[in-house]
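[1] Sharing a model that was predicted from the sequence below.
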Amino acid sequence: MPIVRVALPVPLPQLFDYTAEDADGSDVGRCVRVPFGRGDKSGVIVALPGDAEVASARLKPVHHIQRDVPPLPADWLELVGFVARYYHARLGEVVALALPPGLRRADGVSGEDVDPPLDLTAAGQAALAEARRESRALALLSEAVAAGLPARRSVVRALPAGAAVGDALKRGWLAISAQSQPRHLAVGLPTLTEDQAAAVAAFDAAEDGFRCWLLHGVTGSGKTEVYLRLAERALAAGGQVLMLVPEIALTPQLEGRVASRFPAANVVALHSGLAEGARSRGFVQALTGQADIVLGTRLSVFAPLPRLGLILVDEEHDASYKQQEGVRYSARDVAVWRARQRKVPVVLGSATPSLESWLHARNGRYATLNLSRRAVASSLPKVRCIDTSRLRLDEGLSPALHKALEERLARGEQSLVFLNRRGYAPVLSCPSCGWISTCPNCSANLVVHLADRRLRCHHCGCDGPVPAACPSCGNQDIQPFGRGTQRVEARLAELFPAARVLRVDRDAARTRSQWEALLATIANGGADILVGTQMMAKGHDFPRLTLVGVIGADSSLHAADFRAPERLFQQLMQVGGRAGRGTLPGEVLIQTEYPAHPLYQHLSRQDFDAFARMALDERRQAGFPPYTHQAMLRADAPLLHDAVAFLKEARALGEELAGDAVRLFDPVPMRLTRLARRERAQLLVEADQRGPLQAFLLAWMEALYRQRAPRDLRWQVDVDPLDV
Ligand SMILES: Nc1ncnc2c1ncn2[C@@H]1O[C@H](COP(=O)(O)OP(=O)(O)OP(=O)(O)O)[C@@H](O)[C@H]1O
Ligand SMILES: [Zn+2]
């Protein structure tokens, strides 16, 4: 009887053998449902071993092998294998993460094309010619003809009258088109800027095969256009394109832009926000090669792409490429590995590259494509620091910022006040007894949300009403202390009663449709002053936005994390880069008590390279990445003592295994020690080279898995951790 070896999503290191009467070599890579414990589980067949590791009489038969979809190919199994090895996770866990839940359960999944190309019918032509009664469907027909047909349903749907697409189909004015156009057909091409043309030409001139490119282009330089041109080439060569974006919720426009550029291509979005059916369908379309472009968040790096021709990673510096729980992989780094594996080019794009990528580019390991000028605007915005050390601020607003806002209002331009803290105030306090609103579950304060009168923990989500009086002494005069976006929004509304003030943060945009509505309001000029968090910092392109005021940035200046300056610089350069992207000149005002700080100095000159050189010098001297390589062992338990004790033991175990090349540090409580009622500690491991670190981790993890950890204690390892 054939035996199948299965990777299952369980916290155990081994693979599991089952019998399967009709299995053969072609079933490797197929999803399978098997009995496990008292229930059943599903996983992926990774091998057909000749002999089982246990006596075959004791093996159980599989329930069901999913044969409706093609098996996952060998290169995909290699990919999940690499991720499991490099990040020291279980193969089954990686498989569970990489597969959409529907597929994993080995349910029936269809890869049917739900986005077929539509074309005008004879009836549609006649209706247009007659044009007797104005109707939405008729309006849609003329819009679609103007935009170009045939086009995919989603492209037609995205037109202004797109809601009538169902109606037009029902009337028989539009129909699914049999005529297929070349997948790489691109419409609406702007003339490239000199920089863009040079970048595309440099890419074209390179040999086929693997190469990692850093596309370093200033904000507003038109990196997206370069991605689209490179995608067009890959499609023309018969390839599939994988395009990674940090957060799909932040880029609904990009999806539309890609789809309308390539009307005949099958563009598939893949992210965790999709309904299960849609996610499975997209995955299967990628797997069968029906999908031409897969656009998605970090998760989509696991899409199986038989015709893969190009990988694009937009905003490659963004921290959300790194998963912070479970399998702690970096989608950007995995993307580079994947490109090498499949011998295709990968382009990492950013206005503010990660120091890791920037250094690789400088060393020549990555090839560089530079866009040094903006595409539309004649220059980058002017950046000015406002010294607030001797100023009286009005709810955080300096007189200079006030005046600049007034000027924009008078000219009918938009402004953005950037403050990376949502809520009304970060804490509620009692001036009489000193009580402050702390979270019962975390070592953090409860944030005042005045919009719905709640106190909320931004870490564990715990939530309660704002008390009418101090819970400790009964004083009725308790005060919100400090400020967040809601407070600034309220003050701006008082100061500028005629202005339309719009707050853009995670509270205002809880759902994708709320977020899209906000973006539409801004794009249509329905707001004068925006108050926003980092959600406003990324990728957006609003031509009438000419002023960005930054408040409260200093609080990140002296943070303990060695990556804090890099993050702050990137964030400020990105948010400042929203100003003056159209034909109107832009200005950025940064309020700070330390205007002479080198970080702000480099920022004022918009000199990313100078900042990168300085920050890397500091890192080299201090022995931090990218000059060393790190891994973090974290443990959490109800009592801090238990977490630390476990790490001390782990350290002792590690010391025996570590050669000279690997350094282990003392366990310490994490900065946010208590989170959701668990106390957390961590132990840093470091080496100058990746090889010895990986070899050490392999041996150490095995030893730790053999160790009996106390009940209630959880531990996990984080390779290349972002938060140290
Ligand atoms: N060749 C071109 N001709 C005309 N307009 C262009 C061209 N290239 C880009 N643009 C326009 O320039 C603006 C900025 O482009 P884009 O948003 O791609 O910049 P970016 O490099 O991604 O910037 P950021 O890093 O700030 O997000 C957009 O409005 C885009 O439509
Ligand atoms: Zn909490």
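    That came through, no problem. Ligands and ions are numbered 1, 2, ... in the order given.
[2] mind listing what the closest residue to ligand 1 within the stretch 601-724 of the chain touches?
    Ligand 1 sits closest to residue 608 of the stretch 601-724 of the chain, with a gap of 11.6 Å, by C-beta to the nearest ligand atom. (Glycine included, C-beta is placed from N, CA and C.) Applying C-beta atoms under 8 Å, 6 or more residues apart in numbering, we find residue 608 in contact with 216, 351, 352, 353, 569, 573, 602.
[3] Name the nearest residue to residue 298, sequence neighbours excluded.
    Spatial nearest neighbour of residue 298, excluding adjacent residues (C-beta to C-beta, 6 or more residues apart in numbering): residue 331 at 3.3 Å.
[4] Kindly report the same for residue 498.
    Nearest residue to residue 498, sequence neighbours excluded (C-beta to C-beta, 6+ apart): residue 409, at 7.5 Å.
[5] Can you tell me the SS state at residue 41?
    At residue 41 the chain is in strand, as set by DSSP: H, G, I helix; E, B strand; the rest coil.
[6] That one and ligand 1, how far apart?
    Distance check for residue 41 against ligand 1: by C-beta to the nearest ligand atom, to the nearest Å, it reads 43 Å.
[7] For the stretch 101-250 of the chain, what lies in contact range of ligand 1?
    Contact residues (C-beta under 6 Å from any ligand atom) of the stretch 101-250 of the chain with ligand 1: 190-193, 196, 217, 219-225.
[8] How are the strands of the stretch 51-200 of the chain distributed by residue range?
    64-65, 117-120, 151-152, 174-176 (DSSP state E, counting those that start in this stretch).
[9] which residues are in contact with the longest one?
    When contacts are defined by C-beta under 8 Å, 6+ apart, strand 117-120 is touched by residues 128, 141, 144-145, 149-153, 156, 165, 169, 173-177, 179-181, 263-264.
[10] Show me how to select, in PyMOL, the buried members of those residues.
    The PyMOL selection below is limited to those of the contacts of strand 117-120 classed as buried (16 or more other C-beta atoms under 10 Å):
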select buried, resi 141+144+149+150+151+152+153+156+165+169+173+174+175+177+263+264
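[11] mind giving me the domain split of this structure?
    3-104, 117-176, 194-371, 382-424+483-618, 629-719 (automatic domain parsing).
[12] Tell me which of those domains sits most buried.
    Most buried of the domains of the chain, by mean neighbour count (mean count of other C-beta atoms under 10 Å): domain 194-371, with a mean of 21.
[13] how about stretch 374-381: buried residues?
    374, 375, 377, 380, 381.
[14] Out of the residues you listed, which is nearest to ligand 1?
    Closest approach to ligand 1 among the buried residues of stretch 374-381 (C-beta to the nearest ligand atom): residue 375, at 3.5 Å.
[15] ok so, going back, and which of the residues of the stretch 101-250 of the chain next to ligand 1 is nearest to ligand 2?
    residue 219 (35.2 Å; C-beta to the ion).
[16] Test my guess that that closest one contacts residue 349.
    No. Using C-beta atoms under 8 Å, residue 219 is not in contact with residue 349; the gap is 11.8 Å.
[17] ok, of the strands of the stretch 51-200 of the chain, where does mean pLDDT dip lowest?
    Averaged per stretch, pLDDT over the strands of the stretch 51-200 of the chain is lowest on strand 151-152, reaching a mean of 82.
[18] Give me the mean pLDDT for the strand or helix carrying residue 44.
    Residue 44 belongs to strand 39-47 when elements are defined using DSSP states H and E. What strand 39-47 shows for mean pLDDT is 92.
[19] Next: stretch 713-724.
    When pLDDT is averaged over stretch 713-724, the result is 95.
[20] Identify the residues contacting it?
    86-88, 319, 322, 324, 328, 330, 333, 561-563, 625, 629-637, 642-643, 646, 650, 678, 684, 697, 701, 704, 709.
[21] try 7 Å this time
    Applying C-beta atoms under 7 Å, 6 or more residues apart in numbering, the contact partners of stretch 713-724 are 86-88, 319, 322, 328, 330, 561-563, 630-637, 642-643, 646, 684, 697, 701, 709.
[22] One more: stretch 224-236?
    By C-beta under 7 Å, 6+ apart, the residues outside stretch 224-236 that reach it are 183-184, 186, 190, 192, 196, 199-200, 203, 215, 241, 243, 257, 261-262, 265, 292-293, 309-310, 312, 314, 347, 349.
[23] Isn't residue 215 up against residue 221?
    No. Counting by C-beta atoms under 7 Å, residue 221 is not a contact partner of residue 215; they are 9.3 Å apart.
[24] Spatially central residue in this structure, please.
    residue 246 (2.5 Å; C-alpha atoms, centre = their mean).
[25] shouldn't it be in contact with residue 317?
    No. Here residue 246 does not reach residue 317: they are 9.0 Å apart, not a contact under C-beta under 7 Å.
[26] Backbone dihedrals for the residue in the stretch 601-724 of the chain that ligand 2 sits nearest to, both of them.
    Closest approach between the stretch 601-724 of the chain and ligand 2, counting by C-beta to the ion: residue 676, at 6.3 Å. The phi/psi pair for residue 676 (degrees, to the nearest 10) reads phi 50, psi 50.
[27] For residue 443, see how far away the spatially closest residue to it that is not a sequence neighbour is.
    Nearest residue to residue 676, sequence neighbours excluded (C-beta to C-beta, 6+ apart): residue 460, at 4.2 Å. Separation of residue 460 from residue 443 (C-beta to C-beta, to the nearest Å): 11 Å.
[28] and the residue nearest to residue 298, what does it touch?
    244, 298, 301, 321.
[29] one more time with 8 Å
    Contacts of residue 331 (C-beta under 8 Å, 6+ apart): 244, 297, 298, 299, 301, 313, 321, 322, 323.
[30] host element of the residue nearest to residue 498?
    Per DSSP H and E, residue 409 falls inside helix 399-411.
[31] hmm, who's touching that helix?
    Applying C-beta under 8 Å, 6+ apart, the contact partners of helix 399-411 are 386, 391, 394, 414-415, 417, 492, 495-496, 498-499, 528-529, 546-547, 549, 551, 587, 589, 591.
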